[in-house]
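Chemist: Let's see this in three dimensions:
(2 chains)
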Amino acid sequence: MKLSVMINEGPYQHQAADSAYQFTKAALEKGHEIFRVFFYHDGVNVATRFGVPPQDDRNITVLWSELAKEHNLDLVVCVAAAQRRGILDADEAKRHGKDGNNIAPGFRISGLGQLIEAGIQSDRLVVFGD
Amino acid sequence: MEPWEEEEGPVKKFMYVNRKVPYGTIYALESLEVVLIAAAFDQDVTLVFIDDGVYQLMKGQDTTGIGMKNFSPTYRALEGYDIEKLYVEKESLESRGLTPDDLVVDVEVKTRSELADLMEEQDVVLSF
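Modeler: Below you'll find the predicted structure:
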């Protein structure tokens, strides 16, 4: 089955990003295709590479980056939601005159059209959040 | 096919379920942002307002005291985006002492069980 995943809550504050990760990993192991993973609302905060959780805790961002690298996943962060919350790639930082960017490897910033397209192209869009 | 003719893509049924108060959290505002983008995709769009989500459509919203933008006029613009299927749950309205006259847009009132049937028909349900 072709699946897409949407994450609507922030990391650590809420389990959505963890559950979505476990789901995505399990789906891939079962041979399903993941068309796209879309981060929205506070879910965009998963994409910062500046998080420093305690050493005995999981690093949700790194888990996603590694999974993306291993399976060539398309991790998309909503640009409008990201801008509000200070998640920037190099281009966005330059465009808005910010002195740095914080996007983690394997994530890309794009528009909400990517979410709608995921809904159209996938057999199921699975949403994680409240 | 000529290059200026656009290929007809698949049309799916998208339902946006709005469940939360308009202010206090960002869900309602960012849900509306998704709906406005979705309008450009020529899909079959339905908006549903249930639970505290019915407050998103209340007339006379005044946000001056909380320093946030009153975005309720945007719901009136949805018609211009060809988004015309707006449903409000009967039980949610009644339990809050509201009637369709209290809302900024014309809506169709549906019962919980009618909405459940409608939900069953959808390809994609996004809940905010």
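
Chemist: from here on, contacts and neighbour counts on C-alpha atoms
Modeler: Will do.

Chemist: So B:R19 is in contact with B:D52, correct?
Modeler: Yes - using C-alpha atoms under 8 Å, B:R19 is in contact with B:D52, at 5.6 Å.

Chemist: who's more crowded, those two?
Modeler: More crowded of B:R19 and B:D52, by other C-alpha atoms under 10 Å in any protein chain shown: B:R19, with 20 against 15.

Chemist: For chain B, which residues are neighbours of chain A?
Modeler: Taking C-alpha under 8 Å from any C-alpha of the partner chain, the part of chain B that reaches chain A is made up of B:10-12, B:26-27, B:30, B:34, B:37-38, B:41, B:123-124, B:126, B:128.

Chemist: Quick check: PyMOL command selecting the buried ones in those residues.
Modeler: The following PyMOL line selects those of these that are buried, judged by 16 or more other C-alpha atoms under 10 Å in any protein chain shown:
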select buried, chain B and resi 12+27+30+34+37+38+123+124+126+128
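
Chemist: In TSV, list the residues of chain B next to chain A along with secondary structure and pLDDT.
Modeler: Listed next are these as TSV, based on DSSP: H, G, I helix; E, B strand; the rest coil; pLDDT from 0 to 100:
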residue	secondary structure	pLDDT
B:P10	coil	80
B:V11	coil	90
B:K12	coil	95
B:I26	coil	96
B:Y27	helix	97
B:E30	helix	96
B:V34	helix	96
B:I37	helix	93
B:A38	helix	91
B:F41	helix	92
B:D123	coil	97
B:V124	strand	97
B:L126	strand	96
B:F128	coil	95
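
Chemist: In the residues of chain B next to chain A, find the pair that's most separated.
Modeler: The largest separation in those, counting by C-alpha to C-alpha, is between B:P10 and B:I26 at 30.8 Å.

Chemist: how about the residues of chain A near chain B?
Modeler: Going by C-alpha under 8 Å from any C-alpha, the residues of chain A near chain B are A:H41, A:A81, A:L112, A:G113, A:I116, A:G119, A:I120, A:R124, A:L125, A:V127, A:D130.

Chemist: I'd like those residues laid out as a markdown table, including pLDDT and neighbour count.
Modeler: A markdown table is the format used below for the residues of chain A next to chain B (pLDDT from 0 to 100; neighbours: other C-alpha atoms under 10 Å in any protein chain shown):
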| residue | pLDDT | neighbour count |
| --- | --- | --- |
| A:H41 | 98 | 23 |
| A:A81 | 97 | 22 |
| A:L112 | 97 | 24 |
| A:G113 | 96 | 16 |
| A:I116 | 97 | 21 |
| A:G119 | 97 | 26 |
| A:I120 | 96 | 22 |
| A:R124 | 97 | 19 |
| A:L125 | 97 | 26 |
| A:V127 | 97 | 18 |
| A:D130 | 87 | 12 |
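
Chemist: mind listing which of those residues are in helices?
Modeler: Residues of the residues of chain A next to chain B located in helices (DSSP state H): A:A81, A:G113, A:I116, A:G119, A:I120.

Chemist: What is the longest helix of chain A by residue count?
Modeler: If you go by DSSP H, chain A has its longest helix at helix A:16-29.

Chemist: Report the rounded mean pLDDT for the helix or strand following that one.
Modeler: Downstream of helix A:16-29, the next assigned helix or strand under DSSP states H and E is strand A:33-39. Averaging the model's pLDDT scores along strand A:33-39 yields 98.

Chemist: Perfect, I'm done here.
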